[in-house]
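*Asks:* Quick one: sequence plus predicted model below, questions after.
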Amino acid sequence: MEEVAENFAPNIPNSEEVCYVCGAKIFRTAEFMGIKRTFKVMCKCMQKQQEEEKIRQENQERMRKIEKLKKLSLLGERYKNATFENSKTGTNSSFDRAFGRCRKYCELYEETIKNGYGIYLFGDKGVGKTHLTACMANELLSKCVPVLFTNLFEISKAVKSTFNRESNQTEQNLIERFANIEVLFFDDLGTEIFTNNSNDTWLQGLLFDLINKRYNCKKATIFSSNHSLNELINERGIAEKTVDRISEMASGAVIKIEGASLRNTPKTQIF
């Protein structure tokens, strides 16, 4: 059924005008209550052109949104172009298994994010943990999912900046932002060693507050660390209640990557 155009035009003399592409008439005459009216309609060519323009505008808006989200994600320059497609696999079976699970998570993103499913990736330095999480972040950004890629140091630094009287944000407002982002990528958890001094007590409370808020709101959180969950408690001094929350958030997806550091792989000489 041909769609009637919005610009209704009564008694147009050139009612035999046709589409110059397909030759279909683009004016129709109808009678209503004894009054004849001539109105413009869209042929299949015009409908197709309108649909293509709508898709073009939607794609432009989508790309604008993606670029805006990328700027807010805090993903560094080194990893901004990391994708599953340009990742090298086939040399480390442990990395490949983690790669497959991370990619599947993103393929099922509507279900995994909706249910607040998390992942805890751990292993020695340089085995590809941050690269994999960056691939996940970029894949979700391409689907217009808001993500934040950060670590405890950056979070604590941002929160401390609110202590300044001139700050236009409060500590709680900033924590809420970290707590409510759709997907939080928590990189290098366990870098800090917690002790019992006053500064570490504050940091310990900040970490638990953030993790607990995301846990209660069923927000998806992706962790990477050089340490197992037990090591976070026994060697890094993170409170057991915090690690318990992390364990529940990543239930069924605590993934260890083993193998030699990729950072020791010789780089291709380009000059």
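*Replies:* Perfect, I can see it now. Residues are numbered from 1 along each chain as shown.

*Asks:* At which residues are the strands of this protein located?
*Replies:* Counting by DSSP state E, the chain has strands at residues 3-4, 27-32, 35-42, 119-123, 147-150, 183-189, 220-225, 254-257.

*Asks:* residue contacts, Leu152?
*Replies:* Counting by CB atoms under 8 Å, 6 or more residues apart in numbering, Leu152 makes contact with Phe186, Asp188, Leu189, Thr191, Glu192, Leu203, Leu207. Any C-beta I mention is one placed from the backbone N, CA and C, and that applies to glycine too.

*Asks:* Now render the residues you listed as CSV, adding distance to Arg97.
*Replies:* Shown next, in CSV, are the contacts of Leu152 (distance: CB to CB, whole Å):
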residue, distance to Arg97
Phe186, 21
Asp188, 21
Leu189, 21
Thr191, 25
Glu192, 29
Leu203, 33
Leu207, 29
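
*Asks:* Filter those residues down to the buried ones.
*Replies:* Buried by 16 or more other CB atoms under 10 Å: Phe186, Asp188, Leu189, Glu192, Leu203, Leu207, out of the contacts of Leu152.

*Asks:* of these, closest to Leu262?
*Replies:* Asp188 (15.9 Å; CB to CB).

*Asks:* Tell me the pLDDT of the closest residue to that closest one other than its chain neighbours.
*Replies:* Closest residue in space to Asp188, ignoring its immediate chain neighbours: Asn151 at 5.1 Å, by CB to CB, 6 or more residues apart in numbering. For Asn151, the pLDDT comes out at 90.

*Asks:* from memory Asn151 sits against Phe186, does it?
*Replies:* Yes: at 6.7 Å, Asn151 counts as touching Phe186 under the criterion of CB atoms under 8 Å.

*Asks:* Is there a neighbour count for the spatially closest residue to Lys143 that is not a sequence neighbour? I'd like the number.
*Replies:* Nearest residue to Lys143 in three dimensions, chain neighbours excluded: Tyr109, at 6.2 Å (CB to CB, 6+ apart). Residues lying near Tyr109 (other CB atoms under 10 Å) number 19.

*Asks:* and Tyr109, how far is that from Thr89?
*Replies:* Distance, Tyr109 to Thr89, using CB to CB, to the nearest Å: 21 Å.

*Asks:* any idea how far the residue nearest to Gly76 when sequence neighbours are not counted is from Leu75?
*Replies:* Computed as CB to CB, 6+ apart, the closest residue to Gly76 that is not its neighbour in sequence is Phe149, at 7.9 Å. From Phe149 over to Leu75 the distance is 4 Å, taken as CB to CB.

*Asks:* between those two, which one's more packed in?
*Replies:* Ranked by neighbour count (other CB under 10 Å), Phe149 and Leu75 place Phe149 first, with 27 against 24.

*Asks:* before we move on, back to that, identify the contacts common to Phe149 and Leu75.
*Replies:* Counting by CB under 8 Å, 6+ apart, the contacts common to Phe149 and Leu75 are Ala134, Ala137.
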